[in-house]
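In: Sequence and predicted model, in that order:
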Amino acid sequence: MAATKLIAMHVNKGRTVSSCLHDRIEYAKNGEKTENEELISTYACNKEIADKEFFLSKNEYLKNTGRVVEGDVIAYQIRQSFKPGEITAEEANKIGYETAMRFTKGYHAFLVATHTDKAHIHNHIIFNSVNLDCNRKFRNFWFSGIALQRLSDIICIEHKLSIIEKVKPSERAKRTEYPDKKTIRSGIMDLIDNILKSDPKDFDDFLKKLQTAGYEIKRGKHIAVKGENQKRFIRLDSLDKGYRQDDLKALFEKDEKCVQHTKVDPLIDLKQKMEEGKGAGYIRWAKKHNAKEIAKILVFLNQNGIKDYKELAEKADASSEKFHELADIINQKEARLTEIKELKKHIFAYSKTKDVFTEYKKSGYSKKFFEVHREEITIHRAAKKAFEQIDGKIPKVKELNSMYAEILSEKKKAYIEYQEIKENMRAFQIAKANLDEYWGEVQKEDLVEEQNQKKQKSKTEER
């Protein structure tokens, strides 16, 4: 079963088209939500520079048509949420790709990012508002959301999944997310964790990512946030320790000795783009892009004191190893924090249902009593089963709170190093990959030149 929603994406006030596309695509690509970007698929674009390719196509559209529309749609997003436990992340990504391809008829470039950070697996599908020929835009027709839902239902049936039966159009949009028993504050804290994993540049960038995720920000002395399902703003200072305003600001205090790296983007495969039918304008831009990236690598190597390719490869391997080591540490801390949350939940549930279960025992485990108090008895039994998994004495809530705060503090410290090493790893690996590809192209050109010279020499000798 999949619930869908079609969202037109506009430029935020005070922002540029380029920055808005970048932020929203980066949020969808978040490696912590997409299994280190393993659950991302694309059509007619490169996931590393999809925002730039979308932006370039808009410039081409403007040149081709001269049409300028106030409040223009820069891209569209399809949110596709699946019933918990009914589908794997890999299959969800395939269904998302098929949905996007059939909905856009292959006329628009798109990116499908499957998120696994919620109880329900869900897709963020972002497709370019401009078509591949850069002469038309997607027509957001009346009831397009209903047409999308019907298409999604057909695809779900083809994949032997259930569908939402007899739901009014007004109710479908409400079901794009499945109910979660977490409190509003814990939901905000979970989102903060995920945003921090995406390596925001500073506190302002962090707030922008929070806004991109659907939260309204009230700035001032005490920053407050409000999500779609909130009636009132909630101050960051009312969250748990480690998530408060001053705690978050402290995370972005940069060490002056920290090296600032030139950002390096991957090279574009020109041959592949030509096979895809990209026009001369795009190819000219791509060649300039590749030339700039090669120049950036020289600056990057100089900044980091790297003298040769061997040293670059060693740094790329070392940073990758350190990154995965820190990611494992953070995942372990998060797993432990989840365990503590669950244990606290069971302790509270046990306490609330203790009297009911005592009465149930006194009734001789009466079936009639059980039917009346089924929910309380089931919850009580689940809590007892959880306690049986614990070796030794069950800790008190106060002890769990202290333990939670300590582990959370350790996780935050690991994040600081994780954020820095993540950018280092990306830069080293892209620089190495670009050099590999560039040298490969140079060798091909040299080989062609050598063959041409041999042919010319052979013809001269024949004469």
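Out: It's in.
In: pull the helix or strand with minimum mean pLDDT from this structure.
Out: Counting by mean pLDDT, DSSP states H and E, the chain has its least confident helix or strand at helix 169-172, which shows a mean of 50.
In: next helix or strand past it?
Out: helix 184-197 (DSSP states H and E).
In: So for that next one, what gets flagged as buried?
Out: By 16 or more other CB atoms under 10 Å, the buried positions in helix 184-197 come out as 188-197. For every residue, glycine as well, the C-beta is placed using N, CA and C.
In: can you pull out the helices in this structure?
Out: In the chain, the segments counted as helices under DSSP state H are 17-29, 50-65, 89-104, 144-158, 169-172, 184-197, 203-212, 245-251, 270-275, 280-303, 309-362, 367-372, 374-388, 397-462.
In: packing partners for the fourth one?
Out: In terms of contacts (3 or more CB pairs under 8 Å, 6 or more residues apart in numbering; DSSP states H and E), helix 144-158 is packed against strand 2-9, helix 89-104, helix 169-172.
In: Can you check which of the ones you listed gets nearest to Ile125?
Out: Among the helices and strands packed on helix 144-158, the nearest to Ile125 by CB to CB is helix 89-104 (4.8 Å).
In: and that closest one, what other elements does it pack with?
Out: Other elements packing on helix 89-104 under the criterion 3+ CB pairs under 8 Å, 6+ apart are strand 40-43, strand 75-82, strand 110-115, strand 122-128, helix 144-158.
In: Roughly how far does Glu371 sit from Lys352?
Out: The spacing between Glu371 and Lys352, counted by CB to CB, to the nearest Å, is 20 Å.
In: Gly305 too?
Out: Taking CB to CB, one finds Gly305 at 61 Å from Lys352.
In: Of these two, which one has the most company?
Out: A side-by-side neighbour count of Gly305 and Lys352, using other CB atoms under 10 Å, places Lys352 first with 13 against 8.
In: Distance-wise, check the more buried one relative to Ile390.
Out: 19 Å.
In: cool, and Ala113?
Out: For Ala113, the distance to Ile390 - CB to CB - is 38 Å.
In: next one: Ser186
Out: Ser186 sits at a distance of 22 Å from Ile390 (criterion: CB to CB).
In: Please apply the same query to Ala44.
Out: Separation of Ala44 from Ile390 (CB to CB): 53 Å.
In: Those two: which has the busier surroundings?
Out: Neighbour totals were compared for Ala44 and Ile390, and Ala44 leads with 22 against 11 (other CB under 10 Å).
In: ok now do the spatially closest residue to the more buried one that is not a sequence neighbour, which residues does it touch?
Out: Nearest residue to Ala44, sequence neighbours excluded (CB to CB, 6 or more residues apart in numbering): Ala109, at 3.9 Å. Taking CB atoms under 8 Å, 6 or more residues apart in numbering as the contact definition, Ala109 lies against 42-45, 50, 53-54, 57, 127-128, 132.
In: How far does stretch 313-327 sit from its chain's centre?
Out: When distances are taken as CA atoms, centre = their mean, to the nearest Å, stretch 313-327 is centred 21 Å away from the chain's centroid.
In: what comes up buried for that stretch?
Out: Those would be 313, 315-316, 319-320, 322-323, 326-327, for stretch 313-327 by 16+ other CB under 10 Å.
In: Let me see the mean pLDDT of that stretch.
Out: When pLDDT is averaged over stretch 313-327, the result is 87.
In: before we move on, back to that, wait, which of the contacts of Ala109 is closest to Ile74?
Out: Phe54 (7.6 Å).
In: What is the burial count for the closest one?
Out: Neighbours of Phe54 using other CB under 10 Å come to 26.
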